[in-house]
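Trainee: Just to be clear, the model below is a prediction. Sequence and coordinates:
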There are 2 protein chains.
Amino acid sequence: MSENKEIEIMQSVYDKNDEVAANINTELTGKGIYAINVMGAPGAGKTSTLIQIIKRLSDKATPYVIEGDIEADFDTKTLLALGVKTVQINTGGACHLDSPMIGKAVNDLNIEKGVLFIENIGNLVCPAEFQIGEHAKMLISTVTEGSDKPYKYPLAFEKADAIILNKCDLIPYLDFDEEFFMKGVRALNKTAPVFKVSCKVEEGFEEVILWIMEKIKGQTK
Amino acid sequence: MSENKEIEIMQSVYDKNDEVAANINTELTGKGIYAINVMGAPGAGKTSTLIQIIKRLSDKATPYVIEGDIEADFDTKTLLALGVKTVQINTGGACHLDSPMIGKAVNDLNIEKGVLFIENIGNLVCPAEFQIGEHAKMLISTVTEGSDKPYKYPLAFEKADAIILNKCDLIPYLDFDEEFFMKGVRALNKTAPVFKVSCKVEEGFEEVILWIMEKIKGQTK
């Protein structure tokens, strides 16, 4: 097959995905749901971050989670045990969530007014290319991954509406260069707030909650 | 486009890739080159691991590196500064290396007898699906990513010929469950050795070198 044919086919996949995503976004907005696409590398602490956020958010807004994994459902079990309405998507190999998967999961969840967190597959590349009906993208990066990540994986950092820098409790044991990291982030993204947190010692989440609450207020205006 | 049509197209992409990969593999074998496809999540320490290996390998076999990144060339500059013959591939968005990219890079490198390390894009999903002419796959996992990774990203662990567990110096500050990790690895892969290392404190690489040297010996028999 020619390279042009491949590019044409990929474009049609993107177009179909974006069309479904726009419909989901309209449906969620109509229901008063603010949807956040949570992206990050494997082991960045996406679920741990959601747990910290949900703990502090629950008395202000109802949280829902769509949990994306290639296989397994550990995180869904953890969230359900915490009383969070959660539905699992297993992609069985696919490296990112797409909007048809989310359309189905939204129906399964049967949700009303609140905040929907969609935890994407652990991957710093492909998820950033696919709209899935979200109102905002939240990128979880970590100090253990190193300070060069914005330079090497620019799209995820460019598209993020908020960046969480996790595992900051480990900074004393690492050679993380925060200035270099922030320079890389700001070259791609002038506006996204960067929140330094640690899920392990449960620090830094107050400002994340303020950011989410402001977004919800903006939506209901 | 129908789903069947998409599957058919993907199959033709895989087939074409595998055909080129087989040719590259034959060419490299003929030249006495043992090629290792180095895979791992973003920030797993793939380049740092290569540096530690190459330091200890250089008096035994000539190392070459093909360095895969979406963007940027920090790692190539580092390796060139160490005197390692290295060529950069920037995929400009693609989430894995494929065999046509490697075919071109092998020509550019103009290599003879030795060990060729091909550092793939930081991604625990897609690289495992694509043969790129390698003789072995080396997976770099880390204790900071957490012990559930084999369960969530099975293909990479299943296909690995050797697994490096990096950043072990950080174990005292983490909740890493080694028994659970190893149980997950062994459910997928009975034979790959698992080497516990730390690039930061430069420990654990002697056995990795023995493994590589044994592989080279096996090839030249």
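Mentor: Thanks, I have the structure now. Residues are numbered from 1 along each chain as shown, chains lettered A, B, ... in the order given.

Trainee: Distance from stretch A:170-179 to the middle of the chain?
Mentor: Relative to the chain's own centre, stretch A:170-179 is displaced by 24 Å; criterion: Cα atoms, centre = their mean, to the nearest Å.

Trainee: Stretch A:108-124 too?
Mentor: Per Cα atoms, centre = their mean, the centroid offset for stretch A:108-124 relative to its chain is 9 Å.

Trainee: likewise stretch A:34-43?
Mentor: Worked out by Cα atoms, centre = their mean, stretch A:34-43 lies 2 Å from the chain centre.

Trainee: hmm, it in reach of chain B?
Mentor: Yes. Judged by Cβ under 8 Å from any Cβ of the partner chain, stretch A:34-43 comes into contact with chain B at A:41-43. Where C-beta positions appear, they are placed from N, C-alpha and C, glycine not excepted.

Trainee: export those residues to CSV and tack on pLDDT?
Mentor: As requested, those are exported to CSV (pLDDT from 0 to 100):
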residue, pLDDT
A:A41, 98
A:P42, 97
A:G43, 97
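
Trainee: ok, the residues you listed vs chain B, which is closest?
Mentor: A:G43 (2.7 Å; Cβ to the nearest Cβ).

Trainee: Could you list the buried residues of stretch A:90-104?
Mentor: Within stretch A:90-104, the residues that count as buried by 16 or more other Cβ atoms under 10 Å in any protein chain shown are A:91, A:94-99, A:101-103.

Trainee: out of those, who's near chain B?
Mentor: A:C95.

Trainee: picking that back up, how about the residues of stretch A:34-43 next to chain B in a markdown table, adding distance to A:L57 and neighbour count?
Mentor: Below are those laid out as a markdown table (distance: Cβ to Cβ, whole Å; neighbours: other Cβ atoms under 10 Å in any protein chain shown):
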| residue | distance to A:L57 | neighbour count |
| --- | --- | --- |
| A:A41 | 24 | 28 |
| A:P42 | 25 | 28 |
| A:G43 | 23 | 28 |
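
Trainee: What are the boundaries of the helices in chain A?
Mentor: For chain A, applying DSSP state H gives helices covering A:3-30, A:46-57, A:74-81, A:99-109, A:149-152, A:154-159, A:178-188, A:206-220.

Trainee: elements contacting the shortest one?
Mentor: Read that as helix A:149-152. Judged by 3 or more Cβ pairs under 8 Å, 6 or more residues apart in numbering or on different chains; DSSP states H and E, helix A:149-152 is in contact with helix A:178-188.

Trainee: other SSEs contacting the helix it packs on?
Mentor: Using 3+ Cβ pairs under 8 Å, 6+ apart, the elements in contact with helix A:178-188 are helix A:149-152, helix A:154-159.

Trainee: Most tightly packed of the ones you listed?
Mentor: Comparing those by mean neighbour count (mean count of other Cβ atoms under 10 Å in any protein chain shown), helix A:149-152 ranks first with a mean of 23.

Trainee: hang on, A:K167 packs against A:K200?
Mentor: Yes. Contact criterion Cβ atoms under 8 Å: A:K167 and A:K200 qualify, at 7.2 Å.

Trainee: Show me which of these two is the more surrounded one.
Mentor: A:K167 (28 against 17; other Cβ atoms under 10 Å in any protein chain shown).

Trainee: Distance of that one relative to chain B?
Mentor: The spacing between A:K167 and chain B, counted by Cβ to the nearest Cβ, to the nearest Å, is 7 Å.

Trainee: residues contacting that residue?
Mentor: Contacts for A:K167 were tallied using Cβ atoms under 8 Å, 6 or more residues apart in numbering or on different chains; they are A:45, A:142-144, A:198-200, B:144.

Trainee: how about 6 Å then?
Mentor: Contacts for A:K167 (Cβ atoms under 6 Å, 6 or more residues apart in numbering or on different chains) come out as A:142-144.

Trainee: Look up how far A:G45 lies from it.
Mentor: 7 Å (Cβ to Cβ, to the nearest Å).

Trainee: One more: A:C95?
Mentor: 19 Å.

Trainee: what's the least confident stretch among the helices of chain A?
Mentor: In terms of mean pLDDT, the lowest-scoring of those is helix A:3-30 (a mean of 88).

Trainee: Put together TSV for the contacts of A:K167, with distance to chain B and neighbour count on each row.
Mentor: Shown next, in TSV, are those (distance: Cβ to the nearest Cβ, whole Å; neighbours: other Cβ atoms under 10 Å in any protein chain shown):
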residue	distance to chain B	neighbour count
A:T142	7	27
A:V143	9	24
A:T144	4	26
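
Trainee: what's the closest of those to A:D177?
Mentor: The nearest member of the contacts of A:K167 to A:D177, counting by Cβ to Cβ, is A:V143 at 9.9 Å.

Trainee: wait, that closest one sits on A:F176?
Mentor: Yes. The criterion here is Cβ atoms under 6 Å, and A:V143 meets it with A:F176 at 4.3 Å.

Trainee: Next to chain B in this structure, residues from chain A, please.
Mentor: Residues of chain A lying close to chain B by Cβ under 6 Å from any Cβ of the partner chain are A:1, A:9, A:12, A:41-43, A:69, A:71-72, A:74, A:95, A:123-126, A:144-146, A:148, A:151-152, A:154, A:173.

Trainee: Just give me the residue right at the centre of chain A.
Mentor: A:V38 (0.8 Å; Cα atoms, centre = their mean).

Trainee: partner residues bridging it?
Mentor: Under DSSP bridges, the beta-bridge partners of A:V38 are A:E119, A:M138.

Trainee: what's near enough to touch it?
Mentor: By Cβ under 6 Å, 6+ apart, the contact set of A:V38 is A:46, A:117, A:119, A:138.

Trainee: roughly how far out does stretch A:139-159 sit from the chain middle?
Mentor: Here stretch A:139-159 shows a centroid-to-chain-centroid distance of 13 Å under the convention Cα atoms, centre = their mean.

Trainee: Actually, stretch A:150-162.
Mentor: Averaged C-alpha coordinates place stretch A:150-162 at 12 Å from its chain's average position (Cα atoms, centre = their mean).

Trainee: go on, stretch A:8-26?
Mentor: Using Cα atoms, centre = their mean, the offset of stretch A:8-26 from its chain centre is 19 Å.

Trainee: Give me the residues contacting it.
Mentor: By Cβ under 6 Å, 6+ apart, stretch A:8-26 touches A:98-100, A:102-103, A:130-133, B:1, B:9.

Trainee: can you tell me which two in the residues you listed are farthest apart?
Mentor: A:G133 and B:I9 (25.4 Å).
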